[in-house]
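Trainee: return a 3D structure for these sequence lines:
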Amino acid sequence: MSYSIKEKDALLAVARNAIKLYLNTGKKVYPKTDNPDFLEKRGVFVTLHVNGNLRGCIGYPLPYKSLIEAIVDNAISAATEDWRFIPVSIEELDNLNIEISVLTVPVKIEKYSDIIVGKHGIIISKGSKKGLLLPQVPVEQNWDLEEYLSNGCLKAGLPPNEWRNGVEIEVFEAIVFSEQH
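Mentor: Here you go, the predicted structure:
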């Protein structure tokens, strides 16, 4: 799984155009493509920043839809449905930076020491609680492995040290690219 600069730019344009169209008309349109890589089912997250501040992040951890459909869905959702933020406004579009993370399929690991910070995203779950952190997050936050695991537990709604008491951990990798190359 890899994409050329031209393909990454095209996918970023798909996300931006989807957000713009949705904010202006309320419509969601999936663009046609003959690129077979864009038609493969992929897990995808779309992260939005305005002036360097997180403005929304939503995605599919598993390959439910084609890459192009997942990008359209999650770009719109990140802009309008992230419960942590009010919806993105049309006025913010010019300052919006879009980042796309295309995920590999998560795999369960037995030992948390197998996690490579900066390479692996994590999904921590226990019972009905589940939390996901993308691989770029601990790097951006300057977290070590223990801080990464603790924050993964918090994201799942668990106590921060619950990873020491037995949780299920899955890891995945991601190709991450944004409009700010």
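Trainee: what's the longest strand that the chain contains in contact with?
Mentor: Criterion DSSP state E: the longest strand present in the chain is strand 53-66. Residues from elsewhere that reach strand 53-66 (Cβ atoms under 8 Å, 6 or more residues apart in numbering): 38-49, 70, 73-74, 77-79, 81-82, 84-85, 88, 92, 96, 101, 103, 105-106, 123, 132, 134, 172. (C-beta placed from N, C-alpha, C; glycine too.)
Trainee: give me the element the residue nearest the centre of the chain is part of.
Mentor: A centroid search over the chain (Cα atoms, centre = their mean) returns residue 45, at 2.5 Å, as the residue closest to the centre. Assessed by DSSP states H and E, residue 45 sits inside strand 41-50.
Trainee: now do residue 69
Mentor: Under the criterion of DSSP H and E, residue 69 resides in helix 67-80.
Trainee: okay, domains of the chain per the record?
Mentor: 5-103, 107-173 (automatic domain parsing).
Trainee: my guess is the residue nearest to the centre of the chain meets residue 103, correct?
Mentor: Yes. The criterion here is Cβ atoms under 8 Å, and residue 45 meets it with residue 103 at 7.1 Å.
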